[in-house]
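K.L.:
I need the structure of the sequence given here:
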Amino acid sequence: MRRIAGFGLAVIGLGALAAVWVLWPRPQNVVLITIDTMRPDRISAYGYRKHETPNLDRLAREGTLFENAFCDVTWTTPSMASVMTGLYATRHGLRSSFQKLDAGALTLAEILRAEGRQTAAIIASYPLHSVFGLNQGFDLYDEQFSAPLMLDASIEFGPPPPVAPPAAPPSDDTEAMGWFLMNKAQGDAYRSDAEVSDRAITWLRTERRGPFFLWIHYFGPHEKPTGLTGLANIAKEQEIQVAAYDPDVAIVDAEIGRVLATLDALGLADDSVLIVHADHGQSLTEHGYFGHGRNVFDPTARIPLLVRAPDRVPPGRRDPLIARNVDILPTILALLQVQNPPRVDGIDLFAPRPQGEPSTYIETYLSATWLFSEMVDPQRRVGFRRLALRTAQWKFVINDPIPFMDRPAEPLDEQIRRRNYQVALYDLTADPAETRNRLGDHPALGEQFRQQIFDLQTVGATKSEPIELDEATRDKLKALGYLD
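P.N.:
Numbers count the residues shown, from 1 in each chain. Reported below is the predicted structural model:
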């Protein structure tokens, strides 16, 4: 009888806690801060000792830090589509720079605007240009860029893409989009972190009307022009870019500090969910590569993730379980007590985790474009789609040659595909650098992971849309000599 009574008291106690949770004033505002190309291992709260990041460290003390967070795509545009929809790229379907998010996709901004919140986005660079459809649901989508990102088009883009035959899909818009991207890169490609903070602070002080969702995107430690051009200077340019990474981290940390100070001064901090994350990481010469988007190794897939929501999120907590960019949307909605869409791939990170070993899916199709392709012999460039499944201990990777996404008229020889198709299994406990393929020792495990990846590829995906450039953009490209 005592045990039953004790159980009853425990149930009553849990019910009371649940009632307190429901009745506790919910946060009204959301501030989502995205730092482009940010590695967590360059943040002092994650253990870095060569510099301090006091403002990010403050958020770690005041909120929860996720030690093992990952993006599902290792480059900006599709990764942020995943954040804004809570869906893996296998579902939302945006996988190349020649596609836009389907207008039927439901975004975080659309959900929060329907809930009565003012929505604004301050964007730092052209991979998040509204042409890709990520502006869905925003009252303001500020994309005023001021600086070029690339100086030598012949190195960055290679030879101009050939004109596809008139009958070849997806029409000449693929060529037009290639020229559009090159034009943006050489002209108005990005703006400084200080300019982003200035615009965000102005919005908070003078344009905010009530409860809001504010997305602030910093360019952060992304590589920037060095002034060097030509193939002979590539090694020197890479050296400069690597050396600039840590100083750029310090700059973006200071700019985030300005936004935090503004939230404090306006009395908004205690009534806001604040999340800091990265769209993807950055390879700093690991695997002989500087950059991101070409592979799915951890330097480009691992991201920082910090969540602060006073009275809702445990302060000073470090969560060791795998977290994903697709978890950001359902976590925000849960903290606001807003119902999740019926179909998302993410979960609320502060709810009890599902049974079983946590895992995350990672992919990139950017390596199936000419710029990010690989020389497989002296005469042949091949594009790859790279697909991976990662658990705490294992990563399984598929390197699958496919036709170039930006040159649809160029077929891929089946023999070349078979010769260059590769799979690998890495034991991250023994080999965190992902250098030794253990698939031969664990074929059954590899097959299990392969099937999980295959299952994700066959889910009912939202159909991404080909980008249709408006007449004004086409006229601008014609005036610049980019289109006939």
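K.L.:
Which helix or strand lies directly C-terminal to the lengthiest helix in the chain?
P.N.:
Longest helix of the chain, by residue count under DSSP state H: helix 234-265. Sequence-wise, the next helix or strand downstream of helix 234-265 (DSSP states H and E) is strand 272-278.
K.L.:
returning to what we had before: which other helices and strands does the longest helix of the chain contact?
P.N.:
Packed against helix 234-265 by the contact rule (3 or more Cβ pairs under 8 Å, 6 or more residues apart in numbering; DSSP states H and E) you find strand 29-35, helix 54-62, helix 193-202, strand 212-218, strand 272-278, strand 290-291. Where C-beta positions appear, they are placed from N, C-alpha and C, glycine not excepted.
K.L.:
Mean pLDDT added to those, as JSON lines?
P.N.:
Formatted as JSON lines, the helices and strands packed on helix 234-265 follow (pLDDT from 0 to 100):
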{"stretch": "strand 29-35", "mean pLDDT": "98"}
{"stretch": "helix 54-62", "mean pLDDT": "98"}
{"stretch": "helix 193-202", "mean pLDDT": "98"}
{"stretch": "strand 212-218", "mean pLDDT": "98"}
{"stretch": "strand 272-278", "mean pLDDT": "98"}
{"stretch": "strand 290-291", "mean pLDDT": "92"}
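K.L.:
if we can go back for a sec, okay, the angle between the longest helix of the chain and strand 272-278?
P.N.:
Here helix 234-265 runs at 170 degrees with respect to strand 272-278, directions being taken by axes from the mean of the first three to the mean of the last three Cα atoms, to 10 degrees.
K.L.:
quick one, what contacts the residue minimising distance to the centre of the chain?
P.N.:
Nearest to the geometric centre of the chain sits residue 279, at 2.6 Å (Cα atoms, centre = their mean). Neighbour list for residue 279: 34, 36-37, 71, 75-76, 79-80, 83, 303, 325 [criterion: Cβ atoms under 8 Å, 6 or more residues apart in numbering].
K.L.:
how much space between it and residue 36?
P.N.:
In this structure, residue 279 and residue 36 are 6 Å apart, going by Cβ to Cβ, to the nearest Å.
K.L.:
tell me, what's touching the two both at once?
P.N.:
Joint contacts of residue 279 and residue 36 (Cβ under 8 Å, 6+ apart) are residue 76.
K.L.:
And the helices in this protein?
P.N.:
2-23, 54-62, 76-85, 89-92, 108-114, 153-156, 173-186, 193-202, 234-265, 298-301, 328-336, 414-420, 443-457, 471-479.
K.L.:
Can you tell me which of those helices is packed in deepest?
P.N.:
Most buried of the helices of the chain, by mean neighbour count (mean count of other Cβ atoms under 10 Å): helix 76-85, with a mean of 29.
K.L.:
export the helices and strands packed on helix 234-265 to TSV and tack on distance to residue 415?
P.N.:
Putting the helices and strands packed on helix 234-265 into TSV (distance: least, Cβ to Cβ, whole Å) gives the following:
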stretch	distance to residue 415
strand 29-35	42
helix 54-62	50
helix 193-202	48
strand 212-218	43
strand 272-278	39
strand 290-291	30
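K.L.:
among the ones you listed, which is nearest residue 238?
P.N.:
strand 290-291 (4.9 Å; Cβ to Cβ).
K.L.:
Which one of the helices and strands packed on helix 234-265 lies nearest to residue 101?
P.N.:
strand 212-218 (14.6 Å).
K.L.:
Output the lowest mean pLDDT helix or strand found in this protein.
P.N.:
helix 2-23 (a mean of 40; mean pLDDT, DSSP states H and E).
K.L.:
what's the span of stretch 67-83 from first residue to last?
P.N.:
18 Å (Cα to Cα, to the nearest Å).
K.L.:
So for that stretch, mean pLDDT?
P.N.:
Mean pLDDT, computed over stretch 67-83, is 98.
K.L.:
sorry, back to before: just tell me which of the helices and strands packed on helix 234-265 ends up closest to residue 239.
P.N.:
So among the helices and strands packed on helix 234-265, strand 290-291 is nearest, using Cβ to Cβ, at 9.4 Å.
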